[in-house]
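Student: need the 3D shape of this:
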Amino acid sequence: MNKLFLIIIAILLTLPGMAQERTIRINYSYDASGNRVSRVISFSKSITKSSDSTANTKENSFTDQLGRIKIVLYPNPTKGLLTIEVTNLPDNTKGGITIADASGKLLQESTSLKSTNTIDLSNQSPGMYFLRIRAGDEVTEWKVLRE
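Tutor: Numbers count the residues shown, from 1 in each chain. The predicted model follows:
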């Protein structure tokens, strides 16, 4: 079964353009005894991480492309303030940003998307949060860590 799974993944990666446009992540969960209890395979658009030390404000930034729209999110992990930069956003494009905690509770929602957006997580406890950015018909989702 595992060999078949690996062969399928290898075939998917060798399809033309697949390795350049998609990222395949496999996450495993284990119980207290060390037994694997779940396997999650996620296919996503390629996301690049940059940690250019010359740009102090954009250290630990992540970039995603939604068609022509470029989204840069930094810093992740954050100590409180999270910045989202959106470039090449066409005029009159409807969009929004939502952030939820690990239980799915909606913490913040913005019904507009600007070129620079700031989310303040400083009053939230440390942990993982889920960020969703919508620009027109395109949606990208992020996991944000609050230190």
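Student: dump the residue contacts of residue 67.
Tutor: residue 138 (Cβ atoms under 8 Å, 6 or more residues apart in numbering). All C-beta atoms are positioned from the backbone trio N, CA, C, and that covers glycine.
Student: and it, how far from residue 92?
Tutor: 16 Å (Cβ to Cβ, to the nearest Å).
Student: what do you get for residue 33?
Tutor: Taking Cβ to Cβ as the measure, residue 33 falls 56 Å from residue 92.
Student: residue contacts, residue 70?
Tutor: By Cβ under 8 Å, 6+ apart, the residues touching residue 70 are 63-64, 86-88.
Student: out of the residues you listed, flag the one nearest to residue 102.
Tutor: residue 64 (21.4 Å; Cβ to Cβ).
Student: tally of neighbours for that closest one?
Tutor: Residue 64 is flanked by 19 other residues according to other Cβ atoms under 10 Å.
Student: what's the answer for residue 83, then?
Tutor: Counted with other Cβ under 10 Å, the neighbours of residue 83 add up to 17.
Student: and what of the one 10 residues further on?
Tutor: Residue neighbour count, defined by other Cβ under 10 Å, stands at 15 for residue 93.
Student: got a pLDDT number for the residue lying closest to it once chain neighbours are set aside?
Tutor: Nearest non-adjacent residue to residue 93, counting by Cβ to Cβ, 6 or more residues apart in numbering: residue 136, 5.0 Å away. Looking at residue 136, its pLDDT stands at 85.
Student: got phi/psi on residue 136?
Tutor: phi 70, psi -130 (degrees, to the nearest 10).
Student: any idea how far it is from residue 114?
Tutor: Here the criterion is Cβ to Cβ. By it, residue 136 lies 15 Å from residue 114.
Student: also residue 145?
Tutor: To residue 114, residue 145 is 24 Å away according to Cβ to Cβ.
Student: list the contacts of residue 136.
Tutor: 69, 90, 93-95.
Student: separation between it and residue 146?
Tutor: Computed as Cβ to Cβ, the residue 136 to residue 146 distance reads 28 Å.
Student: what of residue 107?
Tutor: 11 Å.
Student: go on, residue 138?
Tutor: Computed as Cβ to Cβ, the residue 138 to residue 146 distance reads 26 Å.
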